[in-house]
Structure formats: C-alpha cells, structure tokens
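**Student:** generate a structure from the sequence data that follows.
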Amino acid sequence: MEATTHTAPAMQPQGTTTGERGVTRYTVNGEEVALSEKIVTDYLTRGSNVPRADIVQFIAICKYNRLNPFLSEAYLVKYGDKPAQMIVSKEALMKRAESCPSFDGLQAGLILKRGNNIVEEEGALALPGDQLLGGWARVYRKDRKYPSTARAPFNEYNTGKSLWAGKPATMIRKVAIVQALREAFPTQLGAMYTAEERGVPEDAAYEDVTQRLEREKATEANRTPLSMGNAPADGRGAAPTPSETPAAPDPGF
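**Tutor:** This next block holds a predicted model:
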C-alpha cells in the first residue's frame, strides 16, 4: 500500500480495546468501531486480492487516526497488479482539522482565465466564457502568521468523466482544499489522500456501508431456508397443505 509514513496525532488515542480474536475495537465520537480482516475485505474494499499486510495496515491507520470506515471516512481500493491504496474522504479530513484548537478557518475557490487575465475567485462559480485553470485554497491557523496555501492545476486531475465532466469546478476546488489542509496540519492529516488525488477509477465509487449491511440483512431475513418441513413430499413440486406450511422465519431485527 502506498501510504507508508504516518505521523502521530496531537493526542495519544484513548479507549482502544481488542475484543474477540482478530477484531480491533475503538471509539470515534462516542461510537464503537469494530474492524477485522474479514470485515475490511467484505465491506470496505474495492477490487480484489488485497494483501493481508495492507488490510492490517488499513485497520491500524483507521484506529490510530480515529477514522470510521462505516461512515465512508476511509476504504481500500486495488485494481489489477497496482498497489492497494487507502482512500480518505474530504469530510474526514475536515473533521480532523476542525477538531484542532489551532484551526482558524479556510478560504477556497477557482483559478480562471478571464479574457487576457488570470483571476482567483472564491467559491465554485465560473462565468460564461471563463476557462477553468485550477483551484486554490488557504487554511488558517491561530498559531501561524501566514496561511497554508495550495493551488491545484485542473489539467493534472481532470479525468473528463462522471463528476469531473459534470462538476469540474467543485471537484478541483475540493482537491485544493484537502491539499491545503494537509499543509496546515501535517501531524494530523499526513499521508491521507482522497480519491481525486489518487486517481481512483470513478467506477470505484464508494458504496455506503450502512446501507449495504441493511440491504443484506433484509435479504437474509426474507430468505426461507429449505428444510424437511417445506420440501415437496412427493418430489413433483406439490405445494404443502396449509397445515404443513412452515412459519415465517424470524427476521432477527
């Protein structure tokens, strides 16, 4: 996995425990998160054949940085023979920055070619006739005299597909924000990158894990298991009589 350098946050994580064998438990904002190699493989990975070492590292990074993968804050991707990559959401980076006492806000916008001039506009609005060149962001800290500034070139990140085709201004502004956040808070956010920065294929869009678990739970609850009680008696597909009809399975909610 590409992310190999991880610096410690300002405070040592507290409340981390290991329950049953192979399951790592820790708390995020008062909620318990339980991760195992199977959970990561089944629910938090895009692609296949992720090395065990990368899964173990993913769990360790999530625990140490207090990331909740079940809220789409982090996941793994791996395609073909490329190395596995850990992806972190912009929202997770924002939460960690905002939790730092020294965080003092941010500004972000677009770099545009307007006529013969190059201008920096705040927000994500480009006027008709503007050419989008990139995004910019400034992150302020109370303990620093100057802000951390990032400028992300549009042609370096634009894929021309999906969200990049439909919302190019929003996407490049997002890239600039996360770059400036890392510059401002390297201890808390170092080595954590978003999908846009990693160049993750857009068909690997992350599925909300909670919705997936609920869907699988409902499917399992509605599945009637085949047993001696509901199998056809004569082998000719005859339906059981009302007295033989098995009771509906307990959905387990």
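**Student:** so residue 119, which state does it fall into?
**Tutor:** Taking DSSP: H, G, I helix; E, B strand; the rest coil as the rule, one finds residue 119 in the strand state.
**Student:** got phi/psi on the residue nearest to residue 89 when sequence neighbours are not counted?
**Tutor:** Nearest residue to residue 89 in three dimensions, chain neighbours excluded: residue 73, at 5.3 Å (Cβ to Cβ, 6 or more residues apart in numbering). C-beta here means a position set from N, CA and C on the backbone, and glycine is covered the same way. Dihedral pair for residue 73: phi -80, psi -20, per degrees, to the nearest 10.
**Student:** for the one 5 residues further on, same thing?
**Tutor:** The phi/psi pair for residue 78 (degrees, to the nearest 10) reads phi -150, psi 130.
**Student:** if it is in a bridge, with which residues?
**Tutor:** Listed beta-bridge partners, residue 78: residue 47 (assigned using DSSP bridges).
**Student:** okay, now it: neighbour count?
**Tutor:** 19 (other Cβ atoms under 10 Å).
**Student:** what do you get for residue 70?
**Tutor:** Neighbour count for residue 70, taken as other Cβ under 10 Å: 20.
**Student:** before we move on, back to that, can you pull the contacts of the residue nearest to residue 89?
**Tutor:** 67, 88-89, 91-92, 95 (Cβ atoms under 8 Å, 6 or more residues apart in numbering).
**Student:** how much space between residue 112 and residue 125?
**Tutor:** 10 Å (Cβ to Cβ, to the nearest Å).
**Student:** in terms of neighbours, single out the busier of these two.
**Tutor:** A count of neighbours by other Cβ under 10 Å puts residue 112 above the other of residue 112 and residue 125, at 21 against 11.
**Student:** ok, and the most crowded of the contacts of residue 73?
**Tutor:** Highest neighbour count within the contacts of residue 73, by other Cβ under 10 Å: residue 88, with 27 neighbours.
**Student:** shouldn't that one be in contact with residue 74?
**Tutor:** Yes. With contact defined as Cβ atoms under 8 Å, residue 88 counts as touching residue 74 (5.1 Å).
**Student:** okay, and the common contacts of those two?
**Tutor:** Overlap of the contact sets of residue 88 and residue 74 (by Cβ under 8 Å, 6+ apart) consists of residue 67.
**Student:** where does pLDDT dip in this structure?
**Tutor:** For the chain, the stretches with pLDDT under 70 are 1-21, 201-253.
**Student:** the strands in it, which residues?
**Tutor:** Along the chain, counting by DSSP state E, strands occupy 17-18, 24-28, 31-35, 45-47, 74-78, 85-88, 103-114, 117-122, 131-141, 148-153.
**Student:** tell me the angle the longest one makes with strand 131-141.
**Tutor:** So that's strand 103-114. Strand 103-114 runs at 160 degrees relative to strand 131-141, counting by axes from the mean of the first three to the mean of the last three Cα atoms, to 10 degrees.
**Student:** in stretch 177-197, what counts as buried?
**Tutor:** 177-185, 188-189, 191-197 (16 or more other Cβ atoms under 10 Å).
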